[in-house]
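Q: attaching a predicted model along with its sequence, questions to come.
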Amino acid sequence: MASSRQQPQTNPKPTEDFIYTDLYNAICERHLPPETKLGEAMLAEHYGVSRTIIRQVLLRLSSDRLVKLEPRRGAFIARLTLEEARQIYEAWRLVEAAIIQDVTVSISPQEIAELHSLVAAERVACDEQNYPLLLRLSIQFHMQLADLCSNQFLGRFLKELIPQTSLAYFYEIHKMPICTKDEHREILECVIAGNAEAAVNAARQHLDGIEAALNARATLDRQISLADKLNAGILPQRKGHGDDF
Ligand SMILES: [Zn+2]
């Protein structure tokens, strides 16, 4: 997943990469629900950049399948059907199993330490009920596993797939993240023990549990506009770009 929102201090104008990362993270943290209209002019004004830059960002998000571009209507946060959401989880389970088998035989002590600190950060975020952070860290756990895979195509495939699950959240019964801290830890412990079969089983159960929470009768919550989100300070103001949040 996109990793940083830090804007270089020397450049007062946000770069295309910064705005892309900012919107990407906002989608993964579920601040911008499916069907939210992403007005070019509004975003250009918010970030203090040209509409051309915003258009480039929206194009990149559309190639990630997180945004849909509709002729004459503009850009919207993409929406998945329930069947598409289930297909994504099915693909995720298959690819993750292959990745975990690969990583179990090749993981280094340094990589184990990094995953341990990520799982520890998840625990803190969960205990503090910081759900946006927990969501970001949860996705990062799977993204880091994908990065460790020696088959770059498998890793890349999973990294393209996972962010799209952020669009499936409104099918979830609880409409908020399930604390997965111990499940990630369990997967990690099996990987460290070199037990690929147990690690794959733990990952399968973990993903089964998330998919089981999808609800066929779900409807979108009241539509919150981009303007509401900007006014509520969900996306940073230009002057705040040096801050992490
Ligand atoms: Zn997970």
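A: The structure has been received and is ready for your questions. Residues are numbered from 1 along each chain as shown.

Q: going by C-alpha atoms from here, please, whenever you check contacts or count neighbours.
A: OK.

Q: show me where the chain has helices.
A: 16-28, 40-47, 51-63, 82-106, 109-127, 131-148, 152-161, 181-192, 196-212, 226-231 (DSSP state H).

Q: avg pLDDT for stretch 58-71?
A: The average pLDDT within stretch 58-71 is 95.

Q: so what are the domain limits for the chain?
A: According to automatic domain parsing, the chain comprises the domains 16-79+221-240, 82-212.

Q: would you turn those domains into CSV with mean neighbour count?
A: Formatted as CSV, the domains of the chain follow (neighbours: other CA atoms under 10 Å):
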stretch, mean neighbour count
domain 16-79+221-240, 17
domain 82-212, 18
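
Q: residue ranges with poor pLDDT in this protein?
A: 1-11, 169-181, 215-224, 234-245 (pLDDT under 70).

Q: 80 instead?
A: 1-12, 168-181, 213-225, 227-245 (pLDDT under 80).

Q: re the thing from before, nearest to Leu69, out of the helices of the chain?
A: Nearest to Leu69, of all those, is helix 51-63, at 6.9 Å by CA to CA.

Q: centre of the chain to that closest one, how far?
A: The chain centroid and the centroid of helix 51-63 are separated by 18 Å, computed with CA atoms, centre = their mean, to the nearest Å.

Q: what's the angle from it to helix 152-161?
A: Orientation check (axes from the mean of the first three to the mean of the last three CA atoms, to 10 degrees): helix 51-63 against helix 152-161 gives 110 degrees.

Q: quick one: helix 51-63 to helix 40-47, angle?
A: Using the same axes, to 10 degrees: helix 51-63 against helix 40-47 is 110 degrees.

Q: circling back to that earlier point, mind putting the helices of the chain in TSV, distance to Glu70 included?
A: Output for the helices of the chain, formatted as TSV (distance: least, CA to CA, whole Å):
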stretch	distance to Glu70
helix 16-28	18
helix 40-47	13
helix 51-63	11
helix 82-106	19
helix 109-127	37
helix 131-148	28
helix 152-161	22
helix 181-192	38
helix 196-212	29
helix 226-231	17
